[in-house]
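J.: pasting the structure only:
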């Protein structure tokens, strides 16, 4: 069984958290893939360069300047820092963007109507991916050779254009394509029943339970697209989905069920 | 026979020159490797971030901030832009830094006495490489699978630390390790007999001829480390070395001979 771990920017940019995660991830056994974010650092670099990060409904609007920054930060600094660290821990990591080896080909997102049903937004150089976007043969060949692919969420359209992709969506597409078990790792121990109580982790969540949590306004805003995405991955064929702490020795974790 | 092409920052950062090079490189046949620079853009990004690029004897002093910038620019933006472009042209490129798959392990440069024999400089996070630094088996496996490795000159020490490497040296180490023919590509048609006359290309240059050119002060300053490096690659086992225009249809080129 292939395991697919996703770690977000909050972990990638906290040296202690990243160090701990890398040590624990390197010590795991079996075939595994890592997908990482880096959005916090990307926004810092944008600001340091005099650019103003623009996000709409949580997604970064990616003009040409922004594309250069996210490619530098995600595929450059974050990706190579993680890979060098894993290599130093004896884990044969190989850092990839979707263009490398033709691993993932994204579709540029057409202008999109927002949830208000009225506003139409062009997100720019943003690419959407599905399981069909993944070159399964290439990724499998790396896994068969004992390597650990480490993906940044930078993809391409197959015609020379780089595209910025949401890392959660990319993790879910990869897990479906590979039939992998997906672990969304972040700074909490799982999905919380009470967002102010870190110990209120829900051990198992199904769509009905999720609908109830949402109706009662108990799911943190940022968790909604993550959970929608996670349930979709499960429906589409991921071998399982767990939302858990990036400290792999932390207790708990929420297992999604259909 | 494996061909190893090196293109410098002047090509990488000139959209028209890069586009032309990629088209011509993608159309080549046979196993090949690309090593690219990106120093011009790295200096621009450093300045935009309020850092002052420091170079000593042509080599960039790489403190922690500089390391982040060069990793972003070389391994991120330059590398992925080139790979996406080559993929769009039907060339199955895979972008790599030395850490990826443990491809190249550099040795951090100890503080070094400069050519004045007196000044000692710590270049910081700079790594030197030789043919022995190259994981030949890994690179060969990619070539055997029909892939085209595209290397940025970011390496690691094998213990988790990224290191900035001179791209010419990296190209020469790779060509010796792979027994490849090395093509140093830049904006001139070859080594010039008269640096003010672009048509004065020397077709074949041996060490005695090179010594004469140097003694007569006819070699441009920046060419000296390149040529020293190139002759060393030939002595160490590269299958050949040619200094030529990055426009692969340009006439000329200087072939080095021992």
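T.: Cool, the structure landed. From a predicted model like this one, the values you see are computed outputs, not experimental measurements.

J.: burial count for whatever residue of the stretch 1-150 of chain A ends up closest to chain B?
T.: Residue nearest to chain B within the stretch 1-150 of chain A: residue A:76 (2.2 Å; CB to the nearest CB). The C-beta positions use only the backbone N, C-alpha and C, and glycine is treated the same way. Applying other CB atoms under 10 Å in any protein chain shown, we find 32 residues neighbouring residue A:76.

J.: Equivalent analysis for residue A:139, please.
T.: Residues near residue A:139, counting by other CB under 10 Å, number 24.

J.: so how far is residue A:223 from it?
T.: Relative to residue A:223, residue A:139 is positioned 28 Å away (CB to CB, to the nearest Å).

J.: still on that earlier bit, wasn't the residue of the stretch 1-150 of chain A closest to chain B part of a strand?
T.: No: Residue A:76: not assigned to a strand; according to DSSP: H, G, I helix; E, B strand; the rest coil it is helix.

J.: Give me the nearest residue to it, chain neighbours excluded.
T.: The shortest distance from residue A:76 to any non-neighbouring residue, by CB to CB, 6 or more residues apart in numbering or on different chains, is to residue B:76 (2.2 Å).

J.: Please give the element, helix or strand, for residue A:34.
T.: strand A:32-36 (DSSP states H and E).

J.: Please work out the average pLDDT along whichever helix or strand comes after that strand.
T.: Using DSSP H and E, the next helix or strand after strand A:32-36 towards the C-terminus is helix A:39-48. In this model, helix A:39-48 has a mean pLDDT of 93.

J.: Now tell me what touches the very next helix or strand once past helix A:39-48 from outside.
T.: Sequence order places strand A:55-56 as the next helix or strand after helix A:39-48, per DSSP H and E. Strand A:55-56 is touched from outside by A:61, A:114, A:121, A:123, with contacts defined as CB atoms under 8 Å, 6 or more residues apart in numbering or on different chains.

J.: Show me the helices in chain A, by range?
T.: Applying DSSP state H to chain A gives helices spanning A:9-12, A:15-27, A:39-48, A:64-70, A:79-88, A:136-144, A:167-178, A:207-215, A:223-236.

J.: Put together a markdown table for those helices, with distance to chain B on each row.
T.: Shown next, in a markdown table, are those (distance: least, CB to the nearest CB, whole Å):
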| stretch | distance to chain B |
| --- | --- |
| helix A:9-12 | 13 |
| helix A:15-27 | 9 |
| helix A:39-48 | 5 |
| helix A:64-70 | 5 |
| helix A:79-88 | 3 |
| helix A:136-144 | 7 |
| helix A:167-178 | 15 |
| helix A:207-215 | 36 |
| helix A:223-236 | 24 |
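
J.: looking at the ones you listed, which has the lowest confidence?
T.: Lowest mean pLDDT within the helices of chain A: helix A:9-12, a mean of 86.

J.: Can you work out which other helices and strands pack against that one?
T.: helix A:15-27, helix A:39-48, strand A:181-186 (3 or more CB pairs under 8 Å, 6 or more residues apart in numbering or on different chains; DSSP states H and E).

J.: Could you rerun that using 7 Å?
T.: Judged by 3 or more CB pairs under 7 Å, 6 or more residues apart in numbering or on different chains; DSSP states H and E, helix A:9-12 is in contact with helix A:15-27, helix A:39-48.

J.: Please identify the most buried of the ones you listed.
T.: Most buried of these, by mean neighbour count (mean count of other CB atoms under 10 Å in any protein chain shown): helix A:39-48, with a mean of 19.

J.: list the contacts for the residue lying closest to residue A:237 once chain neighbours are set aside?
T.: Leaving aside its chain neighbours, residue A:237 sits nearest to residue A:176 (5.0 Å; criterion: CB to CB, 6+ apart). For residue A:176, the contacting residues are A:131, A:233, A:236, A:237, A:238, by CB atoms under 7 Å, 6 or more residues apart in numbering or on different chains.
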